[in-house]
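1. Sharing a model prediction with you, sequence too.
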Amino acid sequence: MTYSLLDLNAHIRYALALNFPEAVWITAEIAQVTESRGHIFLDLVQKGEGEEDVVVAQAAAIVWQRQYRQLRLQLGRAIDEALCEGREVRLQVRVDFHERYGLKLIVFDADPAYTIGRLELQRRQTLKKLEEAGLLERNRSLPLPRVLQRIAVISSEGAAGLQDFQEHLRQNPFGFAFQLRLFSTAVQGENLEAEFLQALQQVSQQAQAFDCAVVLRGGGARLDLSGFDALSVCQAAALLPLPLLTGIGHETDETVLDRVAYAALKTPTAVADYLIQHNLFFESALVEQAEQVRECTQQHLHQQHLQLTHWETAAQWATQTHLRSARQQLAYAEQTLPTLAHQMLRRAHDHLQRAEALCLALHPNAALRRGFSLTRKNGRAVTSVQDAQPGDVIETQLADGTFRARVE
């Protein structure tokens, strides 16, 4: 029997309608997402377990505009984060086959919890790989500068928390100055990984110009944060040569990026508070040290003042003692000098008298008066007979006069 194509497709449609009369739940990976006139077109694939890149099944799916609005009302932004390329999803679909347009899956419902569960499994695998590579604590082991002023900001220009972060720093009550430089990147969606890695590379190349780096993002659904669980993103962040602070803006969930960062804060404003508090601790330490220096200086000056006072008192007492001793010595000298002078004059007088008596006793006139004579020849005393020769004229001095004689 030979069927026309239309008959064959109608038979297939009828068979599918009999076997799949109601919607069923399926799991798949979204390979591509396209939006047209409010309708969401999905390419769903399933990859082999042994080789992840081998596609073993493929089908097209569609979320009609009306159904998409209903899902947005039921699930909020979680549906948008679930319907992204690369997501593992659990969808409720009805199998639809059209004779002209072929097989298509009509999406009626989605289970974001399944997607989150798959992401959690990937997250744990990422954490295990980072731990095995020794990267979980690497950034946290970097030294944090005492003052954080030059900040590399990794965020989107339109991020909800960026403006709050900047204003909070600008209006800090302590007057601290901060130098911010923005490295723009997507903070959600399919471009996050590539742009974030590029921003991290730029910061690493200019690491000497910054004290630390911060990652900022506003609030959002849990699935919005999945890009910060990517292994490549977290590896690059862990290897960043600067301390990394995160303020991704989610109060309950923790991303892998938070785990590898130096410090993970809940919101961009909390990051700003961290920077302000860190600098305030440094300023407080300086003030405390200045107070200690002032107290030590005052104590040292007080001790030196006491020492100078002691020396001044000691000098005054020593001076008074010395003056009193000198006065006593002067008084004693005043009393004893006349007596001593009299004694000295008397002794000098006695000495002069003895010397005068000795001189008179030894004078030649005294010898002459005792009968001695003094003989001279040519004015010189004759002390030996050899000094007088016959015919010499000599002069002899006696006590009462002199005479001359010639030697025979």
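-> Yep, it's here.

2. where are the low-confidence patches of the stretch 151-300 of the chain?
-> Across the stretch 151-300 of the chain, the ranges flagged by pLDDT under 70 are 218-225, 249-253.

3. need the strands for it, in chain order.
-> Using DSSP state E, counting those that start in this stretch, the strands of the stretch 151-300 of the chain run over residues 179-184, 212-216, 244-247, 263-265.

4. Any chance of the ones you listed in JSON lines with mean neighbour count and distance to residue 308 as columns?
-> Heads up, the C-betas are built off the backbone N, CA and C, glycines and all. Putting the strands of the stretch 151-300 of the chain into JSON lines (neighbours: other CB atoms under 10 Å; distance: least, CB to CB, whole Å) gives the following:
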{"stretch": "strand 179-184", "mean neighbour count": "16", "distance to residue 308": "50"}
{"stretch": "strand 212-216", "mean neighbour count": "28", "distance to residue 308": "51"}
{"stretch": "strand 244-247", "mean neighbour count": "27", "distance to residue 308": "54"}
{"stretch": "strand 263-265", "mean neighbour count": "20", "distance to residue 308": "53"}
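
5. What is the helix or strand where residue 324 lies packed up against?
-> Following DSSP states H and E, one finds residue 324 within helix 268-362. Using 3 or more CB pairs under 8 Å, 6 or more residues apart in numbering; DSSP states H and E, the elements in contact with helix 268-362 are helix 160-170, strand 212-216, strand 244-247, strand 263-265.

6. Swap in 10 Å and give it another go.
-> strand 150-155, helix 160-170, strand 212-216, strand 244-247, strand 263-265, helix 364-369 (3 or more CB pairs under 10 Å, 6 or more residues apart in numbering; DSSP states H and E).

7. Mark out where each domain of the protein begins and ends.
-> As assigned by automatic domain parsing, the chain contains the domains 5-110, 121-281, 337-363, 373-406.

8. Tell me which of those domains sits most buried.
-> Among the domains of the chain, domain 121-281 has the highest mean neighbour count (mean count of other CB atoms under 10 Å), at a mean of 19.

9. partners of the strand ranked longest in the chain in the sheet?
-> Counting residues, the longest strand in the chain under DSSP state E turns out to be strand 24-36. Applying DSSP bridges, strand 24-36 is found paired with strand 39-47 (antiparallel), strand 88-98 (antiparallel).

10. average model confidence for that strand?
-> For strand 24-36, mean pLDDT rounds to 86.

11. returning to what we had before: export the strands of the stretch 151-300 of the chain to TSV and tack on distance to residue 202?
-> Listed next are the strands of the stretch 151-300 of the chain as TSV, based on distance: least, CB to CB, whole Å:
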stretch	distance to residue 202
strand 179-184	6
strand 212-216	10
strand 244-247	14
strand 263-265	22
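
12. wait, which of the ones you listed is closest to residue 320?
-> strand 179-184 (68.3 Å; CB to CB).

13. Kindly export the closest one (C-alpha atoms) in CSV.
-> In CSV, the C-alpha atoms belonging to strand 179-184 read as follows (Å, rounded to 0.1, in the frame of the first residue of the first chain):
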residue,chain,number,x,y,z
GLN,A,179,38.6,56.3,44.0
LEU,A,180,36.2,54.0,42.0
ARG,A,181,36.8,52.6,38.5
LEU,A,182,34.1,50.6,36.8
PHE,A,183,34.9,47.5,34.8
SER,A,184,31.6,46.9,33.0
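
14. quick one: contacts of that strand?
-> With contacts defined as CB atoms under 10 Å, 6 or more residues apart in numbering, strand 179-184 is touched by 149-159, 162, 165-166, 169-170, 195-196, 198-203, 206, 209-211, 213-216.

15. picking that back up, could I get the strands paired with strand 24-36 in a markdown table, plus columns for mean pLDDT and distance to residue 187?
-> Converted to a markdown table, these look like this (pLDDT from 0 to 100; distance: least, CB to CB, whole Å):
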| stretch | mean pLDDT | distance to residue 187 |
| --- | --- | --- |
| strand 39-47 | 88 | 23 |
| strand 88-98 | 85 | 22 |
